[in-house]
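> Build me a structure from this.
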Amino acid sequence: MKALAAWRTVLDKHPPSAVRASAIGPKRPACETLHAMKRLTTAPNLALATLWADLLCHAGVPTTVQRQYASSIAGEVPPDQTLPELWVQDAEQFEHAGTLLHALRNPPHRHWACPRCHEVIDGPFEQCWNCGVAMPAC
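So this is what the prediction gives:
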């Protein structure tokens, strides 16, 4: 528990954005603005956290996963404190990242009939599971 208290003290003095910025790459010129990282959300597991982070990165929002390996200390600290977190590297993109993540977590639900085999398809699917035809563009 002493180690955990010491780690919290370090994090209070040096938030994740400062630690990451100082540990990676060359120093930036003083005139260049460094935007702090901002926590977007926690994920229920590491698989979803990395999936969401990858999708956000591919959409142009640099995102990192923090607490990847913190699940090993669950029990010594509350379990909700060991869940993986998504951090947006540029706080100016926080709102955009939230909108994208909401769209990823809540895909549109559709109800359509396949034009070839007439199978009724429900949910976010864009292809017929029975014959493989793409959803009509209506």
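> T50: which element?
helix 46-58 (DSSP states H and E).
> what does that helix contact?
In this structure, residues lying in contact with helix 46-58 by Cβ atoms under 8 Å, 6 or more residues apart in numbering are 43, 63-65, 68, 71, 84-86, 88, 97, 100-101, 104. Using the backbone N, CA and C atoms, a C-beta is placed for each residue, glycine as well.
> Give me the subset of those lying in helices.
Applying DSSP state H to the contacts of helix 46-58, the entries found in helices are A97, L100, L101, L104.
> Taking those, please make a ChimeraX selection of just the buried ones.
Here is the ChimeraX command that picks out the buried ones among these, judged by 16 or more other Cβ atoms under 10 Å:
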select :97,100,101
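> Report the beta-bridge partners for the spatially closest residue to A53 that is not a sequence neighbour.
Spatially, and ignoring its direct neighbours in sequence, A53 is nearest to T63 (4.5 Å; Cβ to Cβ, 6 or more residues apart in numbering). Note on T63: beta-bridge partners V88, judged by DSSP bridges.
> Apart from its chain neighbours, what residue comes closest to V133?
Closest to V133 by Cβ to Cβ, 6+ apart is R116, at 4.7 Å.
> same check, this time on H109
Spatially, and ignoring its direct neighbours in sequence, H109 is nearest to G123 (5.8 Å; Cβ to Cβ, 6+ apart).
> That neighbour: neighbour count?
Using other Cβ atoms under 10 Å, G123 has 10 neighbouring residues.
> start to end distance for stretch 77-85?
16 Å (Cα to Cα, to the nearest Å).
> That stretch - what's its average pLDDT?
Mean per-residue pLDDT for stretch 77-85: 91.
> Same question for stretch 50-60.
Stretch 50-60 carries an average pLDDT of 94.
> quick one: buried residues of stretch 124-135?
The neighbour-count check on stretch 124-135 (16+ other Cβ under 10 Å) flags C128 as buried.
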